[in-house]
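In: need a structure here:
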Amino acid sequence: MEKVIVIGAGLAGSEAAWQLARRGVPVELREMKPKKMSPAHHTEYFGELVCSNSLRSDQLENAVGLLKEELRRCGSLIMACADAHRVEAGGALAVDRHAFAAAVTEKIKNHPCITVVEGEVTEIPSEENVVIATGPLTSEALSEKIAGLFPNSRYLNFFDAAAPLVTFDSIDMDSAWFASRYDRGTPDYINCPLTREEYDAFWRELTTAQEAEVHGFEDAGVFEGCMPVEVMARRGGTPCATVPSSRWA
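Out: You can find the predicted model right below:
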């Protein structure tokens with residue numbers, strides 16, 4: 001059986017490698033970490049979550065929850081590791097990000113049909129079966145090669161937004177309260193109410209606040225699928241989110 005090269009050991013790449021391998025297909029999984037790290041990566045683990053630790057809803061009555069159940073029934077590695085290392089988050093599936101990624105890495109490296117090759121990929125292999133699953137944190141060299149295949153694309157952006165973190169001791173719990181999200185599941189989310197005047201002040205500060213210096217690969221535009229909250233606010237959107245308390249330091 002012909003070998004398949006999978007480039008990228010994030011969520012999609014790890015799952016692709018696993019599904020191929022469990023069907024007896026030899027896989028060469030190429031991952032740049034730990035030899036090369038993106039500005040957002042902090043560990044050597046596969047499937048590292050660099051933004052939220054929530055994988056969104058786990059309820060069967062909506063599309064993302066239904067998709068998770070379908071993945072479970074298909075023998076998904078990502079879902080098995082997520083279920084094994086989930087943390088309380090009401091009706092959402094949230095995970096202990098380090099334990100989750102470590103479990104994905106262990107499973108991948110111990111599969112007899114998967115060979116892991118460390119190091120940055122700078123060229124797209126042209127004569128083999130290849131799955132490119134490098135996602136929004138694709139290295140600069142490979143992103144240029146991929147972008148060259150789609151010269152007229154306006155939405156091929158290789159970066160992601162980072163979720164803001166708020167320390168628990170900065171929250172006035174005399175005003176805030178714990179509750180479930182959408183009245184489903186356990187009360188694992190902190191709700192911080194604002195008056196109209198407070199919300200307007202928050203919006204003004206958010207749209208004019210000092211921002212962290214961006215990296216070179218972030219300069220061209222924003223990833224529409226995971227828009228930074230300050231960009232959303234400047235566009236006129238509603239900059240609010242419900243965050244599970246397990247994410248708060």
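
In: can we go C-alpha only for contacts and neighbour counts from here?
Out: OK.

In: Grab the nearest non-local neighbour of residue 60.
Out: Spatially, and ignoring its direct neighbours in sequence, residue 60 is nearest to residue 66 (4.7 Å; Cα to Cα, 6 or more residues apart in numbering).

In: buried stuff in the helix or strand hosting the one you found?
Out: Assigned by DSSP states H and E, residue 66 belongs to helix 63-73. Buried positions in helix 63-73, judged by neighbour count with 16 or more other Cα atoms under 10 Å: 64-65, 68.

In: which one in this protein is furthest away from the centre?
Out: Distance from the C-alpha centroid of the chain, by Cα atoms, centre = their mean, peaks at residue 197 (33.6 Å).

In: so it sits in a helix?
Out: Yes: the assignment for residue 197 is a helix, going by DSSP: H, G, I helix; E, B strand; the rest coil.

In: so how far is residue 121 from residue 131?
Out: 13 Å (Cα to Cα, to the nearest Å).

In: got any residues that touch both of the two?
Out: residue 7 (Cα atoms under 8 Å, 6 or more residues apart in numbering).

In: which stretches of this structure form helices?
Out: Ranges of helices in the chain, per DSSP state H, are 11-21, 63-73, 77-84, 97-109, 140-148, 196-208, 229-234.

In: Now for the closest residue to residue 19 other than its chain neighbours, how many residues are close by?
Out: Nearest non-adjacent residue to residue 19, counting by Cα to Cα, 6+ apart: residue 76, 7.5 Å away. Using other Cα atoms under 10 Å, residue 76 has 19 neighbouring residues.

In: re earlier: TSV please, covering the helices of the chain and showing distance to residue 51 and mean pLDDT.
Out: Conversion of the helices of the chain to TSV gives the following (distance: least, Cα to Cα, whole Å; pLDDT from 0 to 100):
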stretch	distance to residue 51	mean pLDDT
helix 11-21	13	98
helix 63-73	18	95
helix 77-84	15	97
helix 97-109	10	97
helix 140-148	20	89
helix 196-208	19	89
helix 229-234	13	80
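
In: Distance to residue 30 added to those helices, as CSV?
Out: Below are these laid out as CSV (distance: least, Cα to Cα, whole Å):
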stretch, distance to residue 30
helix 11-21, 9
helix 63-73, 23
helix 77-84, 18
helix 97-109, 12
helix 140-148, 13
helix 196-208, 39
helix 229-234, 33
